[in-house]
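Chemist: Okay, sequence plus prediction incoming.
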Amino acid sequence: MKFKSPELESEYWKLTPKARYLASYIDYLFWCQFQKEATITCIYYEGGSGVHSQWRAFDISTKNLQSNEIGITEDIVNREFVYDVNRPQLKSCIYHKVGEDKIKGYSLKDFVPEYHLHCQVYII
């Protein structure tokens, strides 16, 4: 597993154990399926009550993935990691783009809006 910055590598150890397990699983999946490493680009940011501010989410770069590899990753992760059985519309792995309009009020260093895999876990 790679990290966009040394700070992210430190933040990784603050993720909940379940979120770290998901990150490790995705990195293993990338290697087994595509012979590629996962790169974490975002973990924590302040503001709101979102999963990033609760250490339950991280983002993975998709710059080195083909579109079919992104779809395979989403399908496998969402099949193996059910986010919340009571809210099946919510997923553990989502491919999307977050723009600056979505993060007003957050303090993100060097944030560049781009498509990525948003990965999250639910804790009861």
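Modeler: Noted; the coordinates are in hand. Residues are numbered from 1 along each chain as shown.

Chemist: and the residue of the chain most remote from its centre, how far is that from residue 18?
Modeler: For the chain, the largest distance from the centre (C-alpha atoms, centre = their mean) belongs to residue 86, which lies 21.4 Å off. From residue 86 across to residue 18, the span is 17 Å (C-beta to C-beta, to the nearest Å). Where C-beta positions appear, they are placed from N, C-alpha and C, glycine not excepted.

Chemist: Also residue 83?
Modeler: Look at residue 83 and residue 18: by C-beta to C-beta, they are 11 Å apart.

Chemist: go on, residue 57?
Modeler: From residue 57 across to residue 18, the span is 11 Å (C-beta to C-beta).

Chemist: what is in contact with the two at once?
Modeler: Common neighbours of residue 57 and residue 18 are listed as residue 121 (criterion: C-beta atoms under 8 Å, 6 or more residues apart in numbering).

Chemist: Can you pick out the residue with more neighbours from the two?
Modeler: Neighbour count, other C-beta atoms under 10 Å: between residue 57 and residue 18, residue 57 has more, with 23 against 14.

Chemist: before we move on, back to that, got any residues that touch both of residue 83 and residue 18?
Modeler: Taking C-beta under 8 Å, 6+ apart as the criterion, residue 83 and residue 18 both touch residue 121.
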